[in-house]
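S.K.: I need the structure of the sequence given here:
(one chain, ligands or ions: 1)
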Amino acid sequence: MTALPESIQNQLNLIAEKSDLNCVIRTRNESDIASAETGSGILSGKTLLVKDNISIKGDPVTCSSNVLEGYTSPYNATVIDRIEKEGGFIIGQTNCDEFAMGSSTEYSAFGPSKNPFDKTRVTGGSSGGSGASVAAGLADMALGSDTGGSVRQPASFCGVYGLKPTYGRVSRYGLVAFASSFDQIGPFATSAEDTASLFVTIAGHDPKDATSSTEPVPNLKDCLESPLPKSVGIPRSFLSKGLDPELTEKMKVLESFCEKEGVEVADIDLPHAPYAVSTYYILTMAEASSNLARFDGVRYGNRSSNKNIQELYHKTRSEGFGPEVKRRIMLGTYILSSGYYDAYYAKAQKVRRLIKHDFTDAFQSVDLILLPTAPTAAFKIGENTDDPLAMYLSDLFTIPMSLAGVPALNIPAGKFSSGLPAGLQIVGNYFKEETILSFSRRVEQAGVFTHD
Ligand code: GLN
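M.R.: Numbering: from 1, shown residues only. This next block holds a predicted model:
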């Protein structure tokens, strides 16, 4: 067996030391980590953690759910093969909300992850284990999945970079589906450059995913050094309600950076964005109720004791799924039922189209859109668990981009006066990740938020 490099060993030791954060739910066997070593590549020597809904051959994948206990993946997700080909070391798997449904990583069979800046607070979610691990130095980079904000919002709560690529940019092969027309795998890192390196590694067409795009992937240099955009837009009327005033100040800091650099700052309108949260929950619950039908105790993971096939399905699903997943399966089934399909599902699809048009209209006149990632700082553990609506509203600013399918990145924007991290969101036109990433790198290099 090849010995593990010392740096990787140190990383594993740190994960063990910081186990109280409950961010890494399992580390891989040392022999598996070592055998994947491939030498050079743009991720050479980097350590990576992967959300527990992305398949790694021979390792468990449970989506932080009891229903998948004991299930081991027989194959690698495409993103795993691509990372190993570029020399990255995948060292373990991270905690998340069950089946990626949540905004805090509290709805997990493993219990909540804790925010490294304040352990009484949430990490955000659903990829909270990935965001917090990178913030705590448990790995150089991590992968999460973003359906409605699950990479960007935890990145914001934990003070790191987190990118949701354009829908279709990154293969979903090997990602356990939550809402297939939204799900995208995305990178977490502590710098714009590392975010870009991981992004170009995992992006690109994959014949194993029918929705994967054939659009060429930008090279790393373009992601880091493209010229600044001519103009950016701010959806001011959408931001007028419920925003923490300290985030309004952060936005002003970013605006003055743009003005100083000769980037025009314009007001834009996203007229249908206020309907995004309700539209998103109707569509994703419908998709989830269909996608999660496969977890029946026959094919994957846990099987409850039973007398007949009916009881097998019933008991496995009743015992295996947690309350939030059950809520969504039941509502999704209702939304898709024959009497209500037109009133809910078909209507929501129409609103989704209008929201998409809001973005295509806005990108006629601006190159990027700037807004906060989450309306507040990380909330307290337990604060929103009994109030699903309050939990859903924490994705108010990330969901419109998920409905439209455009790429968006959380950049760290210093701290709130409480000491908790703040984040802002940079949104680009379809397949324009290089514009987002190179703009963010300029903000980072100029130290716009470093002294907060
Ligand atoms: N918080 C949102 C939800 O609960 C988004 C989740 C995600 O992006 N996976 O659906």
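
S.K.: quick one, phi/psi of Ser278?
M.R.: Per-residue torsions, Ser278: phi -70, psi -40 (degrees, to the nearest 10).

S.K.: okay, it: pLDDT?
M.R.: pLDDT for Ser278: 96.

S.K.: got the contact list for it?
M.R.: Contacts for Ser278 (Cβ atoms under 8 Å, 6 or more residues apart in numbering) come out as Ala348. All C-beta atoms are positioned from the backbone trio N, CA, C, and that covers glycine.

S.K.: and Ala422, by the same measure?
M.R.: Contacts of Ala422 by Cβ under 8 Å, 6+ apart are 156, 159, 246-247, 250, 372, 377, 412-416, 452.

S.K.: could you export those residues as a markdown table, including distance to Arg28 and secondary structure?
M.R.: Shown next, in a markdown table, are the contacts of Ala422 (distance: Cβ to Cβ, whole Å; DSSP: H, G, I helix; E, B strand; the rest coil):
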| residue | distance to Arg28 | secondary structure |
| --- | --- | --- |
| Ser156 | 28 | helix |
| Gly159 | 26 | coil |
| Glu246 | 40 | helix |
| Leu247 | 38 | helix |
| Lys250 | 38 | helix |
| Pro372 | 36 | strand |
| Ala377 | 33 | coil |
| Pro412 | 28 | strand |
| Ala413 | 34 | strand |
| Gly414 | 35 | strand |
| Lys415 | 34 | strand |
| Phe416 | 36 | coil |
| Asp452 | 36 | coil |
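
S.K.: which of those lies closest to Ser237?
M.R.: Pro372 (14.5 Å; Cβ to Cβ).

S.K.: neighbours around the closest one, how many?
M.R.: The tally of other residues near Pro372 (other Cβ atoms under 10 Å) stands at 24.

S.K.: circling back to that earlier point, restricted to buried residues, select the contacts of Ala422 in PyMOL.
M.R.: Restricted to buried positions by 16 or more other Cβ atoms under 10 Å, the PyMOL selection for those reads:
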select buried, resi 156+159+246+247+250+372+377+412+413+414+415+416
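
S.K.: tell me the one of the contacts of Ala422 nearest Thr398?
M.R.: Ser156 (8.8 Å).

S.K.: in which helix or strand does the closest residue to the closest one other than its chain neighbours reside?
M.R.: Spatial nearest neighbour of Ser156, excluding adjacent residues (Cβ to Cβ, 6 or more residues apart in numbering): Gly423 at 2.8 Å. With secondary structure defined by DSSP states H and E, Gly423 is part of strand 421-428.

S.K.: direction included, what does that strand pair up with?
M.R.: Looking at strand 421-428 with DSSP bridges, its partner strands are strand 368-372 (antiparallel), strand 408-415 (antiparallel).

S.K.: what's near enough to touch Ser7?
M.R.: 45, 47.

S.K.: just give me the closest of the contacts of Ala422 to Ile268.
M.R.: For the contacts of Ala422, the nearest to Ile268 is Pro372 (15.2 Å; Cβ to Cβ).

S.K.: list the contacts for the closest one?
M.R.: 156, 239, 243, 247, 250-251, 397, 422-425.

S.K.: how about those residues in TSV, adding distance to the ligand and pLDDT?
M.R.: Below are the contacts of Pro372 laid out as TSV (distance: Cβ to the nearest ligand atom, whole Å; pLDDT from 0 to 100):
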residue	distance to the ligand	pLDDT
Ser156	12	98
Leu239	19	93
Leu243	18	88
Leu247	19	97
Lys250	22	98
Met251	22	98
Phe397	12	97
Ala422	19	98
Gly423	15	98
Leu424	18	98
Gln425	14	98
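
S.K.: ok, now how distant is Arg328 from the ligand?
M.R.: Per Cβ to the nearest ligand atom, to the nearest Å, Arg328 is found 8 Å from the ligand.

S.K.: oh, I was asking about Ala362
M.R.: 22 Å.

S.K.: give me the secondary structure label for that residue.
M.R.: With DSSP: H, G, I helix; E, B strand; the rest coil as the basis, Ala362 sits in helix.

S.K.: ok, now which ones touch Ile42?
M.R.: With Cβ under 8 Å, 6+ apart, Ile42 has these contacts: 86-87, 197, 200-201, 220.

S.K.: out of those residues, which are inside helices?
M.R.: 197, 200-201, 220 (DSSP state H).
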